[in-house]
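Asks: Pasted the sequence and its predicted model underneath.
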Amino acid sequence: AGGAAPLQAGRPPRLLEEAARALAAGLESLHVQMRMRVQQVSAAEAAATEAALQMAVQGEELVASHDKGEASTSAAGQQ
């Protein structure tokens, strides 16, 4: 009949084994890439959070110095 080798009982054909190995290797590679991407995203989120906290602190300091400046200006105007 055809040129295909007959299936052996209990053993998948060699082509199927090779395809399964290639798929497993591809999935492992994808898994490694996903882990690296998660680490990159986590690092970016940490950096963004740190920057936002620094901006908030600077904003509070600016408001405090502005309020202090208005209070001293107001006190000077009352004298």
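Replies: Looks like it arrived, so ask away.
Asks: gap between the strand or helix carrying Arg37 and the chain center?
Replies: Taking DSSP states H and E as the criterion, Arg37 maps to helix 14-78. How far helix 14-78 lies from its chain's middle: 8 Å, per C-alpha atoms, centre = their mean, to the nearest Å.
Asks: Flag the shaky bits of this structure, pLDDT-wise.
Replies: Applying pLDDT under 70 to the chain picks out residues 1-10, 73-79.
Asks: In stretch 28-42, which residues are buried?
Replies: Within stretch 28-42, no residue counts as buried by 16 or more other C-beta atoms under 10 Å. To be clear about C-beta, it is placed using only N, CA and C from the backbone, and glycine gets the same treatment.
Asks: Now do that stretch: everything it contacts.
Replies: Residues outside stretch 28-42 that contact it (C-beta atoms under 8 Å, 6 or more residues apart in numbering): none.
Asks: Output that stretch as PDB, nothing but the C-alphas.
Replies: The C-alpha coordinates for stretch 28-42 follow below in PDB (Å, rounded to 0.1, in the frame of the first residue of the first chain):
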ATOM      1  CA  GLU A  28      10.200  25.600  27.700                       C
ATOM      2  CA  SER A  29      11.700  28.500  25.700                       C
ATOM      3  CA  LEU A  30       8.400  30.400  25.800                       C
ATOM      4  CA  HIS A  31       8.200  29.700  29.600                       C
ATOM      5  CA  VAL A  32      11.700  31.200  30.100                       C
ATOM      6  CA  GLN A  33      10.800  34.200  28.000                       C
ATOM      7  CA  MET A  34       7.600  34.800  29.900                       C
ATOM      8  CA  ARG A  35       9.500  34.600  33.300                       C
ATOM      9  CA  MET A  36      12.000  37.200  32.000                       C
ATOM     10  CA  ARG A  37       9.100  39.400  30.800                       C
ATOM     11  CA  VAL A  38       7.400  39.200  34.200                       C
ATOM     12  CA  GLN A  39      10.700  40.200  35.900                       C
ATOM     13  CA  GLN A  40      11.000  43.200  33.400                       C
ATOM     14  CA  VAL A  41       7.400  44.300  34.100                       C
ATOM     15  CA  SER A  42       7.900  44.000  37.900                       C
END
